[in-house]
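Novice: Okay, sequence plus prediction incoming.
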Amino acid sequence: MGLLDRLSGLLGLKKKEVHVLCLGLDNSGKTTIINKLKPSNAQSQDIVPTIGFNIEKFKSSSLSFTVFDMSGQGRYRNLWEHYYKEGQAIIFVIDSSDRLRMVVAKEELDTLLNHPDIKHRRIPILFFANKMDLRDAVTSVKVSQLLCLENIKDKPWHICASDAIKGEGLQEGVDWLQAVKTSNAILYCKTGSCICITSVFNGEMLL
Ligand SMILES: Nc1nc2c(ncn2[C@@H]2O[C@H](COP(=O)(O)OP(=O)(O)OP(=O)(O)O)[C@@H](O)[C@H]2O)c(=O)[nH]1
Ligand SMILES: [Mg+2]
């Protein structure tokens, strides 16, 4: 780290960096989501299936995110675990219209949650129930039921319905991620059929 970097860090001018792993099955929309979160002049026009992984960056108001955008294709999924130790947050993307492969998404999520590098850490997980614009898409509440998210008791998590093409729902997710990475306390609450997580940041309720 250079002197200027160190100085700006000390003065609080430099945004804290968070390493994020972006996981989920192929075609779920991971790269489309990450691309949409970048400044418009840095966005690609053509999104192609990811080979291996790509490293991308985007910023929120107080954090700088470095994202490992992993390929979700079966033959590359065994790469994911090599990056678990570096991950400080996870974005897990689900194609809400792909009912057939929801069970595969659940298997991959369960494998992730039981991995020794993840199991005992309070690493936050942001789920995007993506492709909400498609006719066959199920609701985010249904996605959380199909993935049994209520069983995740030891990690802060949040699910957002999203349409990555239009960019809808993405900011809500980033706001949650920022809040959880800068907060001291997380409160879980479950009301009726709506599952949500309430974050407390500087003593204020955020969600
Ligand atoms: N209708 C719709 N299509 C989407 C949405 N998000 C992504 N797509 C499309 O889904 C396809 C796959 O998107 P990607 O972002 O490449 O998916 P990925 O998860 O990165 O896939 P891999 O890199 O193979 O793991 C592309 O054709 C996208 O345009 C969405 O919210 N709605
Ligand atoms: Mg991709």
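Specialist: That came through fine. Residues are numbered from 1 along each chain as shown. Ligands and ions are numbered 1, 2, ... in the order given.
Novice: Buried residues in stretch 136-156, which are they?
Specialist: For stretch 136-156, a neighbour-count test (16 or more other CB atoms under 10 Å) marks 137-138, 140-141, 143-144, 146-147, 149, 152, 156 as buried. Where you see a C-beta, it was placed from the backbone N, CA and C, and this is true even at glycine.
Novice: Could you do stretch 36-56 as well?
Specialist: 36-37, 47, 50, 53-54, 56.
Novice: Establish whether that stretch and ligand 2 are in contact.
Specialist: Yes - counting by CB under 5 Å from the ion, ligand 2 is contacted by stretch 36-56 at residue 50.
Novice: okay if I get the buried residues of stretch 136-156 as JSON lines plus distance to residue 127 and secondary structure?
Specialist: Output for these, formatted as JSON lines (distance: CB to CB, whole Å; DSSP: H, G, I helix; E, B strand; the rest coil):
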{"residue": "137", "distance to residue 127": "14", "secondary structure": "coil"}
{"residue": "138", "distance to residue 127": "13", "secondary structure": "coil"}
{"residue": "140", "distance to residue 127": "8", "secondary structure": "helix"}
{"residue": "141", "distance to residue 127": "12", "secondary structure": "helix"}
{"residue": "143", "distance to residue 127": "7", "secondary structure": "helix"}
{"residue": "144", "distance to residue 127": "7", "secondary structure": "helix"}
{"residue": "146", "distance to residue 127": "11", "secondary structure": "helix"}
{"residue": "147", "distance to residue 127": "8", "secondary structure": "coil"}
{"residue": "149", "distance to residue 127": "7", "secondary structure": "helix"}
{"residue": "152", "distance to residue 127": "10", "secondary structure": "coil"}
{"residue": "156", "distance to residue 127": "12", "secondary structure": "coil"}
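Novice: Can you tell me which of those comes closest to residue 175?
Specialist: residue 156 (13.7 Å; CB to CB).
Novice: That closest one touches residue 126, doesn't it?
Specialist: No - using CB atoms under 8 Å, residue 156 is not in contact with residue 126, being 9.2 Å away.
Novice: hmm, back to that, show me which of the buried residues of stretch 136-156 is closest to residue 74.
Specialist: The closest of those to residue 74 turns out to be residue 147 (CB to CB; 18.6 Å).
Novice: any idea how far that closest one is from residue 111?
Specialist: Per CB to CB, to the nearest Å, residue 147 is found 13 Å from residue 111.
Novice: which of the buried residues of stretch 36-56 come close to ligand 1?
Specialist: 47, 50 (CB under 6 Å from any ligand atom).
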